[in-house]
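>>> below is the structure, and that's it, no one-letter string:
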């Protein structure tokens, strides 16, 4: 008589789309998107890659959901906030979120299927500006300008070989040593400033953000007076 085979009980959490996306985000955070693959994602979950397709349509489905997961972490403008405060809060939060997920910034412009968090985020930003009296045209200008600044700054920040004030001083010192003396006086002056003033490139974000918000405020006042 053949021995009766006993089915092995499954251990661990069941595979779900939410669990797959959490693992995908963690994998991208750890090693970036260049080496990201369904096979590696399956390995991180302890399953075969084909098992993932029982819960997601394809890799694009995962990428869309990953980006939506990240967008959902950005603080949204609140109805009771003054518009400048709301835009500042959102901008600072977006920068912090992108710092936690460096791969996400480059992924944003490549996705064609917006998720719920993406739509909620954009709707809240547009609503805050429209509620403050921005025309639709000025709202679009403001949104485009702020996003270009936020994510452009993030990309620059991620690529620069600088880590805080001390790192900036070191980079400036090395840069100055490589320049021929007296040939580029303004560059030398900037390097000395960076080495001796306690300059921190990270502080530039909120300085530039203030300039943008102040300029938008002037445009808003001008459009209000004209109407």
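Right, received. Where do you want to start? Quick caveat, the model's predicted, so the values are computed rather than measured.
>>> what's the first helix or strand after the worst-scoring helix or strand of the chain on mean pLDDT?
Lowest mean confidence among the helices and strands of the chain (mean pLDDT, DSSP states H and E): helix 164-178, at a mean of 71. Using DSSP states H and E, the helix or strand that directly follows helix 164-178 along the chain is helix 185-196.
>>> tell me the mean pLDDT over that following helix?
Confidence for helix 185-196, expressed as mean pLDDT, is 83.
>>> residue nearest the centroid of this structure?
The chain has residue 98 as the residue nearest its centroid, 2.8 Å off, counting by C-alpha atoms, centre = their mean.
>>> check the secondary structure at that residue for me.
Counting by DSSP: H, G, I helix; E, B strand; the rest coil, the backbone at residue 98 sits in helix.
>>> please name the nearest non-neighbouring residue to it.
residue 154 (4.5 Å; C-beta to C-beta, 6 or more residues apart in numbering). The C-beta positions use only the backbone N, C-alpha and C, and glycine is treated the same way.
>>> that neighbour: neighbour count?
Neighbour count for residue 154, taken as other C-beta atoms under 10 Å: 21.
>>> mind listing what it touches?
Contacts for residue 154 (C-beta atoms under 8 Å, 6 or more residues apart in numbering) come out as 94-95, 98-99, 105.
>>> if we use 6 Å, what do you get?
By C-beta atoms under 6 Å, 6 or more residues apart in numbering, the contact list for residue 154 reads 95, 98, 105.
>>> from residue 152, how far out is residue 190?
Applying C-beta to C-beta, to the nearest Å, the value for residue 190 to residue 152 is 21 Å.
>>> again with residue 195
Using C-beta to C-beta, residue 195 is found at 26 Å from residue 152.
>>> give the buried residues for stretch 197-216.
Of all the residues in stretch 197-216, those buried under the rule 16 or more other C-beta atoms under 10 Å are 201, 205, 209, 212-213, 216.
>>> stretch 103-116: end-to-end distance?
By C-alpha to C-alpha, to the nearest Å, the extent of stretch 103-116 from end to end equals 20 Å.
>>> please parse the protein into its domains.
13-56, 57-159+201-226, 164-196 (automatic domain parsing).
>>> show the end-to-end separation of the second one, please.
Criterion C-alpha to C-alpha; first-to-last residue distance in domain 57-159+201-226 is 51 Å.
>>> and that domain, how far from the chain's centre?
Offset of domain 57-159+201-226 from its chain centre (C-alpha atoms, centre = their mean, to the nearest Å): 9 Å.
>>> what is the mean pLDDT for that domain?
94.
>>> residue numbering should commence at 47 henceforth.
Okay, residue one is now 47; in that scheme the one you just asked about reads as domain 103-205+247-272.
>>> so residue 241 and residue 198 - more neighbours on which side?
residue 241 (17 against 11).
>>> quick one: buried residues of the helix or strand harbouring residue 194?
Using DSSP H and E, residue 194 maps to helix 182-205. By 16+ other C-beta under 10 Å, the buried positions in helix 182-205 come out as 184-185, 188-189, 192-193, 195-197, 199-200, 203.
>>> cool, and stretch 126-133?
127, 129-130, 132-133.
>>> and the buried residues of stretch 243-262, which two are furthest apart?
Spatial extent of the buried residues of stretch 243-262 (C-beta to C-beta) is set by the pair 247 and 262 at 23.7 Å.
>>> please, where are all the helices along this protein?
For the chain, the helices defined by DSSP state H occupy 63-77, 84-91, 95-98, 105-117, 129-146, 150-154, 162-177, 182-205, 210-224, 231-242, 250-272.
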